[in-house]
Structure formats: C-alpha cells, structure tokens
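Colleague: 3D model of this:
(one chain, ligands or ions: 1)
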Amino acid sequence: MTKSILLIHTGGTIAMSEDKTTGEVKPTDENPLQSMLTEIDGATFTNKAMFNIPSPHMTPETMLQLSNEIKKELQNGYDGVVITHGTDTLEETAYLLDLLHETDHPIVVTGAMRSSNELGSDGPYNFIAAIRTALSDQARGLGVLVVLNDEIHAAKNVTKTHASNIATFQSPQYGPIGIVTKGRIIFHHQPVKREHYIASTLTKNIVILKAYAGMDSSVLRCLSHVDGVIIEALGQGNLPPETVPGIEELISRGIPVVLVSRCFSGIVQDVYGYAGGGRKLKEAGVIFTNGLNGQKARIKLLVAMELTNNLKELQQLFDR
Ligand SMILES: NC(=O)C[C@H](N)C(=O)O
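Modeller: Numbers count the residues shown, from 1 in each chain. Below is the predicted model:
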C-alpha cells in the first residue's frame, strides 16, 4: 500500500544557502529539498512550510506549536512525519516532540550541517534518509527519531557533539538504534520504554547552570523569576560545598533544582557523602536525573512542571 508522509519544514541550515561573495549563510525562500522527492517511489508527500527560522530562534512555544500541528495532521491519515530543523536545538525539539507523542506513527527529525549550495551539502541526503526511515514499518512505535549521517538515534539520547562536522549527532553511552544503508533501513536496538505526557502550555522559566571548580552560591542567589533550575554538576553529581546554601534557599522556596552531569556520558548518583557530594545534595532535596543532558532535563522539567510543582512527584517523573 502506498504510504503518505507529511513533510514539515521549520528552517535551519538545511533550508539555507551560502552567499558565494560574502560567505554568509542565510535562509532562502525556495525549498532546496523539493527536487529530491523524485528519489523515492511508491509514497506520496505533503509539504508544510511551518517556519523558516534558524533553530536558535526556536522556543518552547514554537516547539509546542509544532507538536500540536503534528497531532492535528496525524488525524488526516498520514503514515509518518518528517521534520526538517536547524541542528543547534534539534535535540531539544525532538525530545519535546517525543515526550508529547502519543501514537505509534514514526516522527523523524533531520537537518544539515552544510547549507544547500555548499560543497558536500548533506541536507538532501539526510532528507531522503529521514523519509526512508519514516517509511520503514519497523520505525513504528519507536517514538521520535533523529536521522543524520546514515544513523538513526532515539530523541531521548541524541545530542549535537561537534560544531561543524557532519558526524555531529551521537547518542553518548547508548549509540544509535539503527543505520541507513543504500538498500535498507536497519534497526539494531529498540528503546526499552517510552514516556508520554500531555501539556497544552509550557509556561515555566527554567534555567541551566554549569558547575565549575570554585563555584559558590552567588549565581544561585542572582536568580529571580525562575521556576526551576538545572545544574550540570561535576562528575557523578557533586558540587563545590559553597553552592549548598544557595541550593537550599531555592529548594526552601519550592523551586526544583535538578541535577545532571556535565560529563559527556554517565548518570548522576547520590554516592559521595562529603559536603557538596551527591548524597548530601539528595538529602537536601535536589532532584536527580536518569542520564539526560542539561538541555533535555530542562525540556522534561518544562513538561513535568505543567503537571506538578511537588518536588517528590517531580523526582518520581525523573526516575522514569
Ligand atoms: N546546522 C544548522 O542547522 C545550524 C543552524 N545555526 C541552525 O541550527 O539553524
């Protein structure tokens, strides 16, 4: 049976071109990917130009708008959705879409590191690879996927690791869940569980701080009008002791403080019992995450705080 795929374009380098005189890379009005669709037989496509923005211009509101649009459009009988997106915040959009995605339809997000007229432009290839993945029967039920550079990643795990290399998207510690070859789409792993939440608004102001040697409470005490704080902690989830009073003040005001590791891989744990160590932070009410990076933990807290402000319930949501 012929499958139908919805193609939603949001902008990013995949929709940009380079001015050959100045070297400036900017959005174009024409969709440079249109002509590529002839590469795929036996499927029908509907294009929707939702935004044409670089991904640093994406906000939780525009991401939610995208999620709502997908939900609405999936009722029209599409078999899957491919989204083109800038790579800078692609992992945040993909993860938010994943948390809010309630059906088994494949949703595949892709982008490019080189604009449409640059030598070795990767956009058209990634676009076709993403469509082929969305057309695969095995992609059903896997949640939101990210496809670039011949690899298929789960939205929850993937992160941009290099500023310019086309092999930038990786899933630290877990690896991709599949590969794209010339002839086949091959899945070799499956996400063990999917989470699903309902959020009709994303209203909270959540900030991310990175820990460093010698950090104290001053930056925590500067925070005003915040609803939640993500801290990229040291190692397995430890902080300099001078940060503890500032953290305790935030928690006593009911503001969740969520811990991730600033390390590329690994999970925060309440192991160390010294001042500022993970065990002491946990006792103080700090919420520990389960392998998310800082930007993903922020997306999850944004969604979770639409459901509850209770610190214990938030910890339970982060234990999932
Ligand atoms: N490669 C890219 O797409 C980067 C671009 N700045 C963006 O995220 O929109």
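
Colleague: got the buried residues for the lowest-mean-pLDDT helix or strand in the chain?
Modeller: Ranked by mean pLDDT, DSSP states H and E, the weakest helix or strand in the chain is strand 25-27, scoring a mean of 90. By neighbour count, and taking 16 or more other C-beta atoms under 10 Å as the criterion, the buried residues in strand 25-27 are 25, 27. For the C-beta atoms, the positions are set from N, CA and C on the backbone; glycine is no exception.

Colleague: neighbouring strands for that strand, and are they parallel or not?
Modeller: strand 16-18 (antiparallel) (DSSP bridges).

Colleague: Helix, strand, or coil at residue 29?
Modeller: Secondary structure state of residue 29, per DSSP: H, G, I helix; E, B strand; the rest coil, is coil.

Colleague: I'd like the distance between it and residue 49.
Modeller: With the distance defined as C-beta to C-beta, to the nearest Å, residue 29 ends up 10 Å from residue 49.

Colleague: So which of the two has more stuff around it?
Modeller: Between residue 29 and residue 49, counted using other C-beta atoms under 10 Å, residue 49 has the larger neighbour count: 14 against 7.

Colleague: Contacts only, for the nearest residue to the more buried one once chain neighbours are set aside.
Modeller: Leaving aside its chain neighbours, residue 49 sits nearest to residue 9 (4.9 Å; criterion: C-beta to C-beta, 6 or more residues apart in numbering). Residues counted as contacts of residue 9 (C-beta atoms under 8 Å, 6 or more residues apart in numbering) are 15, 31, 33, 47, 48, 49, 50, 51, 52, 83, 84.

Colleague: Is residue 9 bridged to anything, and to what?
Modeller: residue 49, residue 84.

Colleague: what comes up buried for the strand or helix carrying residue 45?
Modeller: Assigning secondary structure by DSSP states H and E places residue 45 in strand 43-49. Of the residues in strand 43-49, residue 43 count as buried by neighbour count, 16+ other C-beta under 10 Å.

Colleague: Ok, stretch 58-67 next?
Modeller: In stretch 58-67, the ones that count as buried by 16+ other C-beta under 10 Å are 58, 60, 62, 63, 64, 66, 67.

Colleague: Roughly how far does the fourth one sit from residue 114?
Modeller: Look at residue 63 and residue 114: by C-beta to C-beta, they are 24 Å apart.

Colleague: Repeat that for the third one.
Modeller: Residue 62 is 24 Å from residue 114, where distance means C-beta to C-beta.

Colleague: Output the buried residues of stretch 58-67 in a markdown table; the columns should cover distance to the ligand, pLDDT and secondary structure.
Modeller: Listed next are those as a markdown table, based on distance: C-beta to the nearest ligand atom, whole Å; pLDDT from 0 to 100; DSSP: H, G, I helix; E, B strand; the rest coil:
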| residue | distance to the ligand | pLDDT | secondary structure |
| --- | --- | --- | --- |
| 58 | 8 | 98 | coil |
| 60 | 16 | 98 | helix |
| 62 | 13 | 98 | helix |
| 63 | 13 | 98 | helix |
| 64 | 19 | 98 | helix |
| 66 | 14 | 98 | helix |
| 67 | 19 | 98 | helix |
